[in-house]
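In: After the sequence you'll find the predicted model.
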There are 2 protein chains.
Amino acid sequence: MKESKKKKCIIHFEPSGLKTEVPPGTVLLEATHKVGIYLSSICGGDGYCGKCKVIIDEGQFQSRPTTLLTPDEVRENVVLACQTKVLSDMTITVPKSHALQAGQILMDTDAQRFRELAGEAEAGVFEFDPLVRKLCVEMSAPTVHDHTADHERLYVAIREQIDAPIMQTGFRILQSLSKLLCKANYKVAVTMGRRGGTTEVMEVEPGKRCKTNFAVAVDLGTTTVVAHLIDLTNATTIDTEAVYNSQINFGEDYIRRIIYAEENNAFDEMQSRIVHDVNNLIVTLAARQRIDLQDITAIICAGNTAMVHFLLNLDPTRIRKEPYIASVSFMPPIRAAEAGIQINKRGLLYCLPSVAAYVGSDIVAGVLTTRVYTKKALSLFIDIGTNGEVVLGNRDWLVCASSSAGPAFEGSGVKHGMRAGAGAIEKLTIRADGSIEFKTIADTHPVGICGSGLLDTLAELFMNGIIDRTGRFKPNEDKRLTEGNEGLQFQLVLPDDDHQAIVITQADINNLIRSKAGVFAAIRVLMDSTQTKAEDLEAIYLAGGFGNFLNIQQAVTIGMLPDVPLEKIQFVGNTSIAGAKTVLLSREALEAAEKIAKSMTYFDLMSYPGYMDEFIKAGFLPHTDLSLFPTVKLAAERT
Amino acid sequence: MKESKKKKCIIHFEPSGLKTEVPPGTVLLEATHKVGIYLSSICGGDGYCGKCKVIIDEGQFQSRPTTLLTPDEVRENVVLACQTKVLSDMTITVPKSHALQAGQILMDTDAQRFRELAGEAEAGVFEFDPLVRKLCVEMSAPTVHDHTADHERLYVAIREQIDAPIMQTGFRILQSLSKLLCKANYKVAVTMGRRGGTTEVMEVEPGKRCKTNFAVAVDLGTTTVVAHLIDLTNATTIDTEAVYNSQINFGEDYIRRIIYAEENNAFDEMQSRIVHDVNNLIVTLAARQRIDLQDITAIICAGNTAMVHFLLNLDPTRIRKEPYIASVSFMPPIRAAEAGIQINKRGLLYCLPSVAAYVGSDIVAGVLTTRVYTKKALSLFIDIGTNGEVVLGNRDWLVCASSSAGPAFEGSGVKHGMRAGAGAIEKLTIRADGSIEFKTIADTHPVGICGSGLLDTLAELFMNGIIDRTGRFKPNEDKRLTEGNEGLQFQLVLPDDDHQAIVITQADINNLIRSKAGVFAAIRVLMDSTQTKAEDLEAIYLAGGFGNFLNIQQAVTIGMLPDVPLEKIQFVGNTSIAGAKTVLLSREALEAAEKIAKSMTYFDLMSYPGYMDEFIKAGFLPHTDLSLFPTVKLAAERT
């Protein structure tokens, strides 16, 4: 297609009826932004998330080839807006469903969880007392008989509304305070931020504009960065968005990224990537909700210790070297702008506290969210991400460990593994007749397998006798068991004219077993060293980005979780962001998080004598010691 | 004298034997600095303080004419180093006495007072706990079993040494902390600064360099700015210096300066002048003591409310307009660099708290120094400067007022008035035979009269019947009573061939009486409204820049101070800087100062019904109501 000689191309958008003019050559995604249509674009316009699909009804365009479109979609003129240039006047249909499609699955779960928490908060678990708040402050004007200086007058009035024994105010604000108060007739909106044991007067504005105050909560994942936009005046989540962590080019896991940064002196680059990702999320959320960035006064982050170090450009190098030390575990709030985050220029950046180099603030957030630390009975909290962290305890004590068994359940190191996104198999059953039933996210043709699907696959292969207790494929007549480039593989989805097969390889299975063995061995170490028995556990909370359809039973079947009555096991989704939001909305929750982080005892598994033995024993399905898995044994015998 | 064609002139200094090379045309004062001889130069090299006198033994020079040298001095080749250019090789004698001559009188008093206070501190009045301190901090290095993060490791170690429940650390320090601790083998020098209820980690340096830590205390006077250099490791005053406040071009008193700044939008200029003065003092002190500016980690200021506002560029305009309000009374510590003060780039600037627009932190410092606020019995504290502030009270209550009666006792508005400097008459007696005996500061030929001399003059004129009770000259045959350009005047020092007469005019006397009347009326208002009688007063503390030879008796004679037994009256010198130093050296003293500032009740005299009446009654010598001054009455009858 030849580029048009027109100077301006008119783009009509359906079904909204919006239109705009752009120069020829403009990327279609930008044109949608121009009229205020914000398509989901978690890859930031790099063409690999496949979320910005639109249909070209009319007009000329130039689109880069992509594997993210099915032949059917290509025939129907579906394109990726980020990969398509405008060449003439056009009419475009933006499918409503596309804008908030598959990428939201991970986040809707969190949002729901948060709403529950907000409910709890109202019910009195945590007092609503956000870390940053705006107050309408009215003072009586000074008189000859009430000559209190303006600064102290303001403090007195603030203290009538909130508990703030120690207050701080920036020099520039003090310099302009008198004129401002006088002009505003002593009626002002004051933005107050909690900073350690003090409260900062962040901003003083004339008038009563105190009903507009937003914050962003961020889960800094090694693979995915998730952000929620929060209205601080009423504790509601307005919108959510996610992007892939663009550090991924420097390594799948954070240890590799630290090594890369060290070898290439790329710490600044590493920071600028993650800051760019976070800013992208903020700008997208703000634009979509038509919120001024200046009205976002706080950002709160939870994540593993390395990611928080990267974000703040704290030295992360000793995280990976014995004795495995973080620079900072209890990060004080800083001006967000100091880290390059684009919110209100005096807005604050909070990080939840962490426990150790390998037990980050995401885990503290998880313990906070599940309330393990408040219960009399014992609970387990398990977060399966790029690492597998485990916490055991109750209101009296908490122990924790991290297994670096690898991100297989995040789809990494698995041939057809993928994150919980559109086209991912998230649920899979092998029927008695050998046929396979599955469900994909967004019900599209399967393009890979996400965490919950991998869990199902491993369990189903085992329960149906396709693999043995060591995970090895049994000799089998099934046509699905074929020889691939990397040895034996099992076709979960058979190929057709338009699609390749979706397979699970022997190497994949080994990786998955290693991951589950790492997690289970960590659980065993914590339980053994505290003399906890499976029957002592009142609850097991499983967190992570598995997707919506995690089958708890299968997690027991493969021997990843202890064999306890299923009603005791609960999938809790992304507790990292849920915890971050809770802390954002309640100073009491921040104090609780700090208490959790301080009181948790960290076990370094590598230096723990029994760990390797436990790891080897857990390398079987479900385990060498079948007495630990009575229900699985029965099920396996049944087949 | 012709300028030499030499490229370099060699300057020999005697008696030190030091020498240096400078290009011809160099100002001699700079040459002295080059070899490390720091002459006192309170005017900053502008040629009007007369302090940098040196003797030219040999060599060619060019010197601007000045009235500050006597004909004798000119004959002896004495020059002002700041007004003299080098033209050839030279030999110079620097009189030892000159370097620390007359300008020091004001300060020696303070220094002595401070030493006394330091003694008190050691005796347990205030715990030695400076606002900024350096700690040698040693930590055990992390191990697998002690994986506390570096930031928290540092905090734990600091808290083993000092009480710091809430600590803060700047982001840049956190970013470099891990590498630094590791490199320094976990042995560091930490600079800690108190900031409100928190303690800031200002700097972390490798090694054990914690014995070098200095601060500067400053008295921000309307006319003179005084600075003391303090060694924070042992609470000693190392050196002192003073400069004239260079805002003086914009008005003698601060009300005029505020008006000037408003009319000319010259607030920045006003700030830059006072900041320049303070920086001058700091650089001079540091250079003279060979101290690196980076080792000065704190500056503490006391002064009237307007001067503190000028220094910080806080809005001072409402100080002069009803209802007379300050912007800030309790100024939080800020980074000194934020105000343009040249000390350590992370050094802190503290200001003592003030009470009201016209009762500044200098008065709070005075109450702290005299300990009026701790005593069971009642005391009066009176500070005579450009204004006259009065405090009455005890450990249960404090009331205060400010009389804007003008700076006559500072020599302003008095024909031959001057500050307590070289050549000022500081003591004067009229003998029975009519002859006059006097003493000048530094025993030079008299060039004017300072505060204590003016007090003596007024009292002696009155007691010797030269003026009547209204201050009017009585008809008199004395040849000293002459008609000047401004009416009748009395020649205190008769003219000779080389010198003019030093006179006191009728207008001078009226000004002095107005000043003393303002102060006494303020005392009466405070005493009346609290039903305090003169006999209830256990002590009267008189502060101000009068000089060393203040005659307490004369202050009663003219009716400025209540007529109490003389042993109850004490001249306490510059309590502003003494209080500033005490606060600098003890957090407890800071807390005491804050308590004083909070608890003092301010009386606005202008809106107080009885004030004008009291002012008129006090406009007589000593007063219309002689029963208030029984001892003076007797003395007057005696003449």
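Out: Received the coordinates, thanks.

In: Please look at A:G59 and A:T93 and confirm they touch.
Out: No - counting by CB atoms under 8 Å, A:T93 is not a contact partner of A:G59; they are 11.8 Å apart. The way it works is simple: take the backbone N, C-alpha and C, and place the C-beta from them, glycine included.

In: Whether stretch A:328-345 contacts chain B - can you check?
Out: Yes - Stretch A:328-345 lies within reach of chain B by CB under 8 Å from any CB of the partner chain, at A:328-332, A:334-335, A:338-339.

In: Over to stretch A:586-602?
Out: Yes - on the criterion CB under 8 Å from any CB, stretch A:586-602 is in touch with chain B at A:Y602.

In: Repeat that for stretch A:263-280.
Out: No - using CB under 8 Å from any CB, stretch A:263-280 never reaches chain B; the gap is at least 9.6 Å.

In: picking that back up, pull out the buried residues from the residues of stretch A:328-345 next to chain B.
Out: Applying 16 or more other CB atoms under 10 Å in any protein chain shown to the residues of stretch A:328-345 next to chain B, the neighbour count classes A:328-332, A:334-335, A:339 as buried.

In: So which of the residues you listed sit within strands?
Out: Those of these mapping onto strands are A:334-335, per DSSP state E.

In: Near chain B, which residues of the stretch 1-150 of chain A are found?
Out: A:142-150.

In: Switch those over to CSV; also include neighbour count and secondary structure.
Out: Putting these into CSV (neighbours: other CB atoms under 10 Å in any protein chain shown; DSSP: H, G, I helix; E, B strand; the rest coil) gives the following:
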residue, neighbour count, secondary structure
A:P142, 22, coil
A:T143, 12, strand
A:V144, 12, coil
A:H145, 9, coil
A:D146, 11, strand
A:H147, 20, coil
A:T148, 18, coil
A:A149, 27, coil
A:D150, 25, helix
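
In: quick one: the strands in the stretch 151-300 of chain A?
Out: Here the stretch 151-300 of chain A has its strands, by DSSP state E, counting those that start in this stretch, at A:167-169, A:187-195, A:198-206, A:214-220, A:224-231, A:236-244, A:296-303.

In: Same question for the helix ranked longest in chain A: list its buried residues.
Out: Secondary structure of chain A read by DSSP state H shows that its longest helix is helix A:506-529. Residues of helix A:506-529 classed as buried: A:506-527 (neighbour count, 16+ other CB under 10 Å).

In: Any part of it near chain B?
Out: No - Helix A:506-529 stays clear of chain B (CB under 8 Å from any CB), getting no nearer than 14.0 Å.

In: And that helix, how far out from the chain middle?
Out: 23 Å (CA atoms, centre = their mean, to the nearest Å).

In: Dump the next helix or strand after it to PDB, keeping only the CA atoms.
Out: Per DSSP states H and E, helix A:506-529 leads on to strand A:537-544 as the next helix or strand towards the C-terminus. C-alpha atoms of strand A:537-544 as PDB (Å, rounded to 0.1, in the frame of the first residue of the first chain):
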ATOM      1  CA  LEU A 537      -3.100 -25.900  60.200                       C
ATOM      2  CA  GLU A 538      -6.400 -24.000  60.200                       C
ATOM      3  CA  ALA A 539      -5.900 -22.400  56.800                       C
ATOM      4  CA  ILE A 540      -3.700 -22.400  53.800                       C
ATOM      5  CA  TYR A 541      -3.700 -19.300  51.700                       C
ATOM      6  CA  LEU A 542      -2.300 -19.600  48.200                       C
ATOM      7  CA  ALA A 543      -1.400 -16.300  46.400                       C
ATOM      8  CA  GLY A 544      -0.100 -15.700  42.900                       C
END
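
In: Strand A:537-544 packs against which elements?
Out: Counting contacts by 3 or more CB pairs under 8 Å, 6 or more residues apart in numbering or on different chains; DSSP states H and E, strand A:537-544 packs against helix A:361-370, strand A:378-384, strand A:569-573, helix A:575-585.

In: Let me know how buried A:F490 is, in neighbour terms.
Out: 25 (other CB atoms under 10 Å in any protein chain shown).

In: host element of it?
Out: Using DSSP H and E, A:F490 maps to strand A:487-493.

In: thinking again about what came up before, adding pLDDT as columns, could you present the residues of stretch A:328-345 next to chain B in JSON lines?
Out: Listed next are the residues of stretch A:328-345 next to chain B as JSON lines, based on pLDDT from 0 to 100:
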{"residue": "A:V328", "pLDDT": "97"}
{"residue": "A:S329", "pLDDT": "97"}
{"residue": "A:F330", "pLDDT": "97"}
{"residue": "A:M331", "pLDDT": "97"}
{"residue": "A:P332", "pLDDT": "97"}
{"residue": "A:I334", "pLDDT": "97"}
{"residue": "A:R335", "pLDDT": "97"}
{"residue": "A:E338", "pLDDT": "97"}
{"residue": "A:A339", "pLDDT": "97"}
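
In: Next, give me the two most distant ones among the residues you listed.
Out: Pairwise distances across the residues of stretch A:328-345 next to chain B (CB to CB) peak at 20.5 Å, for the pair A:S329 and A:R335.
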